[in-house]
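Q: quick one, what's the 3D model for this:
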Amino acid sequence: MDMTKIQKLNGYFESEIAKCTEKGAELTVEERKDEAVFAVIRGNILDIFKTISSVAEEISSGDEEKFREFFLSKTEQIPQNWHMSLERARAHGDAEAAHIERVKLEAIEEIKATFAQIWEEA
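A: Okay, the predicted model is just below:
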C-alpha cells in the first residue's frame, strides 16, 4: 500500500481539525457561540473520519483497494442518517437543526473530494 496517500489523508484531517478547533475558540472569544458550535461539529466529523482512516488501515492489511473500499463505503453509509435528519428538520421548520445537518453534509463532501484528490495524485 502507498503509505504516502494515507499520510496525506491523515495530514489533511489533522490540519483541518486544528483549524476547526482554532476557529471555534476564536468565535467563542468573540461571543459568537452558534458559529463556534458549527466549527466544533465540523471538527468532530473530520475526527470521526480520521478514526475511520485508522480502522481502514488496520483492517486492510496493506491492501490499498481494501482501504479505499472501506473508507469510501463509510463516506456513503454514515451520512445517510444526516440526510434523513435534514429532511425531518426541514419538514418541521427547524432551521438550526437543518443547518447542523448541512454542516455535517458539507464536511463529508469535502472529505470525499479530498480523498479523491489524494488518490488520483499517485
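Q: how much space between the residue nearest to Glu101 when sequence neighbours are not counted and Ser15?
A: Distance criterion Cβ to Cβ, 6 or more residues apart in numbering; nearest residue to Glu101, sequence neighbours excluded, is Leu86 at 3.8 Å. For every residue, glycine as well, the C-beta is placed using N, CA and C. According to Cβ to Cβ, to the nearest Å, Leu86 and Ser15 sit 27 Å apart.
Q: so between these two, which is more surrounded?
A: Of the pair Leu86 and Ser15, Leu86 is the one with more neighbours under other Cβ atoms under 10 Å, namely 20 against 11.
Q: host element of the more buried one?
A: Assessed by DSSP states H and E, Leu86 sits inside helix 79-91.
Q: now that helix: mean pLDDT?
A: The average pLDDT for helix 79-91 rounds to 96.
Q: just the C-alphas of it, formatted as PDB.
A: Extracted in PDB, the C-alpha atoms of helix 79-91 (Å, rounded to 0.1, in the frame of the first residue of the first chain):
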ATOM      1  CA  PRO A  79     -24.200  10.400   6.200                       C
ATOM      2  CA  GLN A  80     -27.500   8.600   5.300                       C
ATOM      3  CA  ASN A  81     -28.900   9.500   8.800                       C
ATOM      4  CA  TRP A  82     -27.800  13.100   8.300                       C
ATOM      5  CA  HIS A  83     -29.800  13.300   5.100                       C
ATOM      6  CA  MET A  84     -32.800  11.900   6.900                       C
ATOM      7  CA  SER A  85     -32.300  14.300   9.800                       C
ATOM      8  CA  LEU A  86     -32.000  17.200   7.400                       C
ATOM      9  CA  GLU A  87     -35.300  16.300   5.700                       C
ATOM     10  CA  ARG A  88     -37.000  16.000   9.100                       C
ATOM     11  CA  ALA A  89     -35.700  19.300  10.300                       C
ATOM     12  CA  ARG A  90     -36.900  21.000   7.100                       C
ATOM     13  CA  ALA A  91     -40.300  19.400   7.400                       C
END
